[in-house]
Every structure is written in C-alpha cells, then in structure tokens.
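Asker: Generate a structure from the sequence data that follows.
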Amino acid sequence: MKKSVYSICGMCTVRCPIRVESEDNKVTWIEGNPHILGGALCAKGSGG
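Answerer: Numbers count the residues shown, from 1 in each chain. Take a look at the predicted model:
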C-alpha cells in the first residue's frame, strides 16, 4: 500500500519539513514538503 507521510528531517539542526513516500512499509522517496518553504531542503536533507 502506497502512502505519503509528512515529517521533519533529522539529518542536521535545520529540521527541514519533508514528505516521505512509502510502499509496503519501505521508504521509496523523500522530498521537501511542497506546502512549506516551496519544497526546499538543505544539502544534507537532499543527500539523504
């Protein structure tokens, strides 16, 4: 089952808002939350 979960990245102290897509309880995609900050992520979040 596919689902999207909104959370906060823990890679550094910035704590960027993220959207995580998962399927069968496995993460398939991580991106910046498009509703906050235009979906922007810092370099560490993008590297994750």
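Asker: how about the helices in this protein?
Answerer: Ranges of helices in the chain, per DSSP state H, are 43-47.
Asker: what residue is smack in the middle of it?
Answerer: In the chain, the C-alpha closest to the average C-alpha coordinate belongs to I18, at a distance of 2.9 Å (Cα atoms, centre = their mean).
Asker: surely that one meets M11?
Answerer: No: using Cβ atoms under 8 Å, I18 is not in contact with M11; the gap is 9.7 Å. For the C-beta atoms, the positions are set from N, CA and C on the backbone; glycine is no exception.
Asker: which neighbours do those two share?
Answerer: Contact with both I18 and M11 is made by residues G45, according to Cβ atoms under 8 Å, 6 or more residues apart in numbering.
Asker: List phi and psi for the closest residue in space to I8 that isn't next to it in sequence.
Answerer: What sits nearest to I8 in space, not counting adjacent residues and going by Cβ to Cβ, 6 or more residues apart in numbering, is R15, at 4.9 Å. Here is the backbone geometry of R15 (degrees, to the nearest 10): phi 60, psi 60.
Asker: In this structure R15 contacts S7, no?
Answerer: No: R15 lies out of contact with S7 (Cβ under 8 Å); the separation is 10.0 Å.
Asker: Quick one: end-to-end length of stretch 19-27, please.
Answerer: Length of stretch 19-27, first residue to last, Cα to Cα, to the nearest Å: 11 Å.
Asker: Give me the buried positions along it.
Answerer: R19, V20 (16 or more other Cβ atoms under 10 Å).
Asker: Quick one: residues in contact with it.
Answerer: Contacts of stretch 19-27 (Cβ under 8 Å, 6+ apart): 1-7, 28-34.
Asker: Check those against A40 and report the nearest one.
Answerer: Closest approach to A40 among these (Cβ to Cβ): G32, at 5.2 Å.
Asker: give the contact list for the closest one.
Answerer: C16, P17, I18, R19, G38, G39, A40, L41, G45.
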